[in-house]
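J.: dropping the sequence and predicted coords here.
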Amino acid sequence: ALRIHQWLKNALLFVPLVMAHRIDEPALVVQACMAFLAFGLCASSVYLLNDFFDLAEDRQHPTKRTRPFASGAISLYGGGVLMVALLALSGVFALLLPPQFVAALFIYFALTAAYSLWLKRVALVDVILLAGLYTLRIIAGAAAVGIAPSFWLLAFSMFLFLSLALVKRFTELSIMRQIGSEQAFGRGYHVEDLAMLAQFGSASAYMSVLVLALYINGEAVKDLYTYPQIIWLLCPLLLYLVMRIWLLAQRGELHEDPIVFALQDRRSQMLVVTGAALLWLAV
């Protein structure tokens, strides 16, 4: 119910620290860890809230009906108490960090609550908001450690995560088509939207690679990397990763949650490790 595996998304809070090459400063690492915990606890409370409002749709869904609240494994009262406790604990960690981080966390909670209550049912707005929430994590991570976020990093994040949000909707809609439904439960999409969603998602993925290429060719990269030419190898790696994700989605071989897929897929794990190694060598 707490979706602990989804806390992996909050690793994005460490990205500004890593990309600024200041991960060797213990005080900043501690601040980033507190930000990670604050976001994780806040996110889990929102997942509980989301499940409360999704009970009817989840009980009709072929896979989501096994969720703890939909299946009756956890009582609504117990979940409500836990949701408030998690949110309060998140606030405790947040207040130990700069005010800019507190503001980012508040905006995150407000947007995710709005998403759960209404915006997830609005076609296209939902995926843009999801991509924005990923990017907001990077902004919050930068605020937690007092580092100005890079324009290139935010642009890259927005396009990449928009593609992943679209592939999530694509796989959900594909499942609905397989069971003979014309529309995704609780979403604003119809099965005839599948081809268009694939086009949107593929274009957004390619835009993220283009932003990366433009960044590598810019002047700012020379101040951070001794061998910036090595970073060019990230472009074909990223192209392969996003193209493979969409290919598997089209074949119906992709889990409807890309995060779960990435955790379980050996090839994706190898690509991420290889990319991290290339960045380290470029320094």
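T.: All right, it came through fine.

J.: now do the end-to-end distance for stretch 20-30.
T.: With C-alpha to C-alpha, to the nearest Å applied, stretch 20-30 spans 16 Å between its terminal residues.

J.: what's around residue 200, how many residues?
T.: Number of residues near residue 200 (other C-beta atoms under 10 Å) recorded here: 19. Every C-beta, even on glycine, is put in place using the N, C-alpha and C of the backbone.

J.: quick one: it and residue 246, what's the gap?
T.: As for residue 200, its distance to residue 246 is 11 Å (criterion: C-beta to C-beta, to the nearest Å).

J.: cool, and residue 143?
T.: Counting by C-beta to C-beta, the gap between residue 143 and residue 246 amounts to 33 Å.

J.: swap in residue 103?
T.: Look at residue 103 and residue 246: by C-beta to C-beta, they are 35 Å apart.

J.: just residue 18 next, same as before
T.: The gap separating residue 18 from residue 246 is 27 Å, by C-beta to C-beta.

J.: look at those two and report which has more neighbours.
T.: residue 246 (18 against 14).

J.: quick one: the more buried one and residue 198 touch, right?
T.: Yes - using C-beta atoms under 8 Å, residue 246 makes contact with residue 198 at a distance of 6.7 Å.

J.: pLDDT weak spots in the stretch 151-283 of the chain?
T.: Within the stretch 151-283 of the chain, the segments meeting pLDDT under 70 span 182-186, 256.

J.: how about the helices of the stretch 101-250 of the chain, start to end?
T.: Remark: helices assigned in the stretch 101-250 of the chain by DSSP state H, counting those that start in this stretch are 125-145, 151-178, 194-216, 220-224, 234-251.

J.: tally of neighbours for the nearest residue to residue 187 once chain neighbours are set aside?
T.: Nearest residue to residue 187 in three dimensions, chain neighbours excluded: residue 121, at 6.4 Å (C-beta to C-beta, 6 or more residues apart in numbering). Residue 121 sits with 15 neighbouring residues when counted by other C-beta under 10 Å.

J.: pretty sure residue 121 sits against residue 188.
T.: Yes - using C-beta under 8 Å as the test, residue 121 is close enough to residue 188 to be in contact (5.4 Å).

J.: can you list the low-confidence ranges for the stretch 1-150 of the chain?
T.: 54-72.

J.: give me that answer again for 80
T.: 1, 50-79 (pLDDT under 80).

J.: ok, back up a step: residue 95: which of the helices of the stretch 101-250 of the chain is closest?
T.: When the helices of the stretch 101-250 of the chain are compared by C-beta to C-beta, helix 125-145 sits nearest residue 95, at 12.2 Å.

J.: ok, and for the closest one, which residues are buried?
T.: Judged by neighbour count using 16 or more other C-beta atoms under 10 Å, the buried positions of helix 125-145 are 126-127, 129-145.

J.: list of residues touching stretch 2-13?
T.: 32, 35-36, 39-40, 43-44, 47-48, 86, 134, 137-138, 140-141, 144, 157, 259-260, 262-263 (C-beta atoms under 8 Å, 6 or more residues apart in numbering).

J.: now the buried members of those.
T.: 32, 35-36, 39-40, 43-44, 47-48, 86, 134, 137-138, 140-141, 144, 157, 259, 262.

J.: what's the burial count for the residue nearest to residue 53 when sequence neighbours are not counted?
T.: Leaving out its chain neighbours, the residue that sits closest to residue 53 by C-beta to C-beta, 6+ apart is residue 116, at 5.7 Å. Using other C-beta under 10 Å, residue 116 is surrounded by 18 other residues.
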